[in-house]
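# When you get a sec, could you give me coordinates for this:
(one chain, ligands or ions: 1)
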Amino acid sequence: MGADVDVAVIGAGIAGLAAAHELARAGRQVRVFEAADHVGGRMATRRISGFVVDTGAEQISTRGYPHTWELLRRLELDDAVPRIGRQLGVWRGGRVRRGLAHPLGLITGAGMSVRARADFMRATRGRFDAAHPEASRLGTATVTEFAAPYHRDLLEYLCQPVVSGFFGWRPEHSAAAPFLGLLGAIGPSTAWRTYDDGMDLVARALAARLDVTTSFPVREVMAGPGFARITGDGTELRARSVVLAVPAPVARQVYANPPEHERPFLDACTFTPMVKVHLMLDHRPESRVYLLAVPRSESPSVSVVLFDHLKHPDRAPGGRGLVTVIASPVMAPALLDAPDDQVVGVLADEAERFVPGLRAAVTGSVVHRFRHGLPEATPRALALRAGFESRIGGVVDYAGDWVSLAPYSEAAVRSGRRAAARVRTRPSSTTVSSNTRSQHA
Ligand SMILES: Cc1cc2nc3c(=O)[nH]c(=O)nc-3n(C[C@H](O)[C@H](O)[C@H](O)COP(=O)(O)OP(=O)(O)OC[C@H]3O[C@@H](n4cnc5c(N)ncnc54)[C@H](O)[C@@H]3O)c2cc1C
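Here you go, the predicted structure:
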């Protein structure tokens, strides 16, 4: 019996689209199925009354993103990624300390004592590989365990604010090696950039070249001999190969019969939730940093305040301001199911402490909730990761940042390209039949 499709990619986030793009370039017939009504996943952007609202990812770097830059060059978009050129800061003792992730931070302090800065240099010596985080000298030590021998500022004013603010991690639950691998790879904030016209730039460009069906939530994937059956709402089709480019917990839920050896990592690969609110403002508040990380000792509910109009002036229309407030890992689970006005109330009230006058300037707001925000990289998941990746490659393959437990978009792109390379080693369908059975009109 023929297959309806040669390769089906489930999920039009950047990992799935990168995989589909590579396969289409290699001449494979690919269809992408996406549950949402838009592409981009955790790199999606919404455009509302002149505001360009990055719902998930915020920036990339000139360093540590080789697969992303290769894609950008191929799509002739490498000129559409301007440097942010502004500093990051940490809130300590009632004021902003500039220099987080900046070479100057070692001199100015970036919120840390001299001793903690020296400790940072010592602690981060050695090789950390974002693609193979388990291979470092730290093994599966958590962020808290990694920082324990050093001055407490290293944990409280660097590691914790960064892992919680950027990844939604609790330092006592997540492994340090993926964090240090990523930190080393992406380099200082002087190298950080953002996309013109929204972080979904690449996703939109790829989707325009591919066969993508949106508003198609896949309910079940069942592997058979030489094909897999995909069930959506009232639709069933057969694919010779499937790339599950969804977060690991979703893959675990929809994939009915994963091989026994894949299950332990899929089960261990939990995600942290992320909740963000975008506040549209009637003016652009002053700030010496475009991103302010707030340590847990300074706020129970807010972990980041980001000035979108300083990240890129076109994120807000002329004279208006756009500010993102990210909930702390303690607060995020409770806000996942809370009504929008409650989320806005909690986060905007607290952010007022860091941006005086914020509440009065708000003219509108948008709430974004990610139940599966970022791979949590627990010690158990890290211990199982290499074994999982070395054995994938059957009828059903995987892509996503979680495959290398690296909480950034480059890992998603890289995993998509690797999945495509594996799929290419499998036979393609010479005849693709058109027996898609649909109960829709
Ligand atoms: C708040 C936040 C901030 C971030 N900041 C940065 C940053 O600044 N820089 C950076 O590099 N990275 C950042 N990241 C990480 C980055 O966004 C991700 O690593 C990357 O987007 C993951 O891409 P993906 O394709 O693996 O997964 P996703 O983007 O999650 O894509 C999965 C897709 O599958 C779809 N899907 C789910 N279930 C189904 C189903 N049953 N059927 C069909 N489709 C389904 C989803 O709708 C989604 O579109 C951030 C993430 C978050 C949440």
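
# near the ligand, which residues of the protein?
Residues of the chain lying near the ligand by Cβ under 6 Å from any ligand atom: 10-16, 33-36, 41-43, 56-60, 217-218, 245-247, 250, 254, 274, 276, 370, 373-374, 400-401, 407-409, 412. C-beta coordinates here come from the backbone N, C-alpha and C atoms, glycine included.

# let's go with 5 Å and repeat that
If contact is defined as Cβ under 5 Å from any ligand atom, the residues of the chain in contact with the ligand are 10-11, 13-15, 34-36, 41-43, 56-59, 217-218, 246, 250, 274, 370, 373, 400-401, 408-409, 412.

# So Y157 is in contact with M112, correct?
Yes - under the criterion of Cβ atoms under 8 Å, Y157 is in contact with M112, at a separation of 5.0 Å.

# buried residues in the helix ranked longest in the chain?
In the chain, ranked by residue count with DSSP state H as the criterion, the top helix is helix 409-424. Taking 16 or more other Cβ atoms under 10 Å as the basis for neighbour counts, the residues of helix 409-424 that come out buried are 409-420, 422-423.

# and if you look at stretch 377-388?
By neighbour count, and taking 16+ other Cβ under 10 Å as the criterion, the buried residues in stretch 377-388 are A377, T378, P379, R380, A381, L382, A383, L384, R385, F388.

# go on, stretch 19-38?
Across stretch 19-38, burial judged by 16+ other Cβ under 10 Å covers 19-24, 28-35, 38.

# what do you get for stretch 181-199?
With the criterion 16+ other Cβ under 10 Å, stretch 181-199 contains buried residues 181-186, 188-195, 198-199.

# and what of stretch 50-70?
Result for stretch 50-70 [16+ other Cβ under 10 Å]: buried residues 51-61, 64-65, 67-69.

# picking up where we left off before, next step: the buried residues of stretch 19-38 restricted to helices.
Secondary-structure check on the buried residues of stretch 19-38 using DSSP H: residues within helices are A19, A20, H21, E22, L23, A24.

# The last one touches R209, doesn't it?
Yes - the pair formed by A24 and R209 meets the contact definition of Cβ under 8 Å, at 7.2 Å.

# returning to what we had before: turn the ones in helices among the buried residues of stretch 19-38 into JSON lines, including pLDDT.
What follows is these, written out as JSON lines (pLDDT from 0 to 100):
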{"residue": "A19", "pLDDT": "98"}
{"residue": "A20", "pLDDT": "98"}
{"residue": "H21", "pLDDT": "98"}
{"residue": "E22", "pLDDT": "98"}
{"residue": "L23", "pLDDT": "98"}
{"residue": "A24", "pLDDT": "98"}
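
# and of those residues, the nearest to the ligand?
Each of these was scored against the ligand by Cβ to the nearest ligand atom, and A19 proved nearest at 9.0 Å.

# In contact with the closest residue to the closest one other than its chain neighbours: list those residues for me.
Counting by Cβ to Cβ, 6 or more residues apart in numbering, A19 lies nearest to G416, which is 3.7 Å off, once chain neighbours are set aside. G416 is in contact with I14, A15, G16, L17, A18, A19, A20, H21, E22, V243, A245, A399, counting by Cβ atoms under 8 Å, 6 or more residues apart in numbering.

# Paired strands for the longest strand that the chain contains, with orientation please.
With DSSP state E setting the assignment, residue counts place strand 362-375 as the longest strand in the chain. Strand 362-375 has its sheet partners listed here by DSSP bridges as strand 271-281 (antiparallel).

# Could you list the low-pLDDT ranges of the stretch 301-441 of the chain?
Counting by pLDDT under 70, the low-confidence segments of the stretch 301-441 of the chain come to 429-441.

# do that again at 80, thanks
Counting by pLDDT under 80, the low-confidence segments of the stretch 301-441 of the chain come to 427-441.

# quick one, strands of it?
Using DSSP state E, counting those that start in this stretch, the strands of the stretch 301-441 of the chain run over residues 302-307, 321-327, 362-375, 396-398, 437-438.

# Show me what the fourth one is packed up against.
By that I understand strand 396-398. Here strand 396-398 is seen to pack against strand 235-244, helix 409-424 when contacts are counted using 3 or more Cβ pairs under 8 Å, 6 or more residues apart in numbering; DSSP states H and E.

# got the ones you listed as CSV, with distance to R86 columns?
Output for these, formatted as CSV (distance: least, Cβ to Cβ, whole Å):
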stretch, distance to R86
strand 235-244, 37
helix 409-424, 20
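
# Can you give the distance of the longest helix of the chain from its chain's centre?
Mean C-alpha position of helix 409-424 versus that of the full chain (Cα atoms, centre = their mean, to the nearest Å) differs by 15 Å.

# Over to stretch 142-160?
Counting by Cα atoms, centre = their mean, stretch 142-160 is centred 23 Å from the centre of its parent chain.

# Please list the residues outside it that contact it.
Counting by Cβ under 8 Å, 6+ apart, 90, 92, 100, 110-113, 115-116, 119-120, 122-123, 138, 163, 169, 171-176, 179-180, 295-297, 379 sit against stretch 142-160.

# could you flag which of these are buried?
Judged by neighbour count, with 16+ other Cβ under 10 Å as the criterion, the buried members of those are 90, 92, 100, 110-112, 116, 119-120, 123, 138, 163, 169, 171, 173-176, 179-180, 295-296, 379.

# State the phi and psi torsions of G105.
Backbone geometry at G105, expressed as degrees, to the nearest 10, gives phi -60, psi -30.

# was I right about it contacting G99?
Yes - checked against Cβ under 8 Å, the pair G105 and G99 is within contact range at 3.1 Å.

# which other helices and strands contact the host helix or strand of D267?
Per DSSP states H and E: D267 is located in helix 263-268. Taking 3+ Cβ pairs under 8 Å, 6+ apart as contact, the helices and strands that helix 263-268 lies on are helix 248-254, helix 379-391.

# Tabulate the CA atom coordinates of that helix in CSV.
Extracted in CSV, the C-alpha atoms of helix 263-268 (Å, rounded to 0.1, in the frame of the first residue of the first chain):
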residue,chain,number,x,y,z
ARG,A,263,10.7,6.2,26.3
PRO,A,264,13.0,6.9,29.3
PHE,A,265,14.4,10.1,27.8
LEU,A,266,11.1,11.2,26.4
ASP,A,267,9.6,10.8,29.9
ALA,A,268,12.5,12.6,31.6
